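# missing the sequence, but the structure's below:
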Ligand SMILES: Nc1ncnc2c1ncn2[C@@H]1O[C@H](COP(=O)(O)OP(=O)(O)O)[C@@H](O)[C@H]1O
Ligand SMILES: [Mg+2]
């Protein structure tokens, strides 16, 4: 049964030997040159699987990895809801999200698409998903970009809850937040409305 038809991948729910799984398959993109498309899909699949395994081994809540093929990943099904879809008070979840991002960064895992649409909530516990754009890299800038994306996907009040718990769990938070401030004042990452350009 298909559960998501994303821009990049199709996600199917499946059951293997009695275990609830999802299979995430990266689809062909016809607008890309085929050989390049194959490379991109293979690389993103590989990195996603690698990071699921690494994060899991470091005690960070991600779906368990079961199988990897060239363009497909089979992982545990999280019977939850996306944080982006939750109405009402999200303070506890935002706090937890800050702790989780700090843990990822302490392990030099930069998510690359860290928004509330890539965080699932199951029984009040958070799971991070969608590591296809992630990198294992000791980069203050990449870490700051993770925070910036989250900042732009939530309101100011939510962000202040998120960032104060991030500070508590991220070892390099001082330099990372300094970089965040730099990025925000630097033209490249400034949020502008098209009409103002
Ligand atoms: N392990 C999982 N358990 C349950 N649902 C999942 C799982 N992984 C992905 N999904 C669902 O599939 C959607 C798309 O998956 P995601 O990895 O975010 O890919 P993309 O956003 O690149 O299409 C998610 O928003 C979520 O609803
Ligand atoms: Mg996603």
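Structure received. This one's a predicted model, so the numbers in the text were calculated from it and none came from an experiment. Ligands and ions are numbered 1, 2, ... in the order given.
# where does whatever residue of the chain ends up closest to ligand 2 land in three-state SS?
As assessed by C-beta to the ion, ligand 2 sits closest to residue 130 within the chain, at 3.8 Å. In this view, the C-beta of every residue, glycine as well, is placed from N, C-alpha and C. Under the three-state scheme (DSSP: H, G, I helix; E, B strand; the rest coil), residue 130 adopts coil.
# so what's the nearest residue to it once chain neighbours are set aside up against?
For residue 130, ignoring the flanking residues on the chain, the nearest one in space by C-beta to C-beta, 6 or more residues apart in numbering is residue 118 at 4.2 Å. Under the criterion of C-beta atoms under 8 Å, 6 or more residues apart in numbering, the neighbours of residue 118 are 82, 111, 128-130.
# distance of residue 118 from residue 149?
Summarising the geometry, the distance separating residue 118 from residue 149, computed by C-beta to C-beta, to the nearest Å, is 10 Å.
# how many neighbouring residues does the residue of the chain found nearest ligand 1 have?
Distances between the chain and ligand 1 by C-beta to the nearest ligand atom are smallest at residue 6, namely 2.0 Å. By other C-beta atoms under 10 Å, 13 other residues sit near residue 6.
# next, give phi and psi for it.
In terms of degrees, to the nearest 10, the main-chain angles of residue 6 are phi -70, psi 180.
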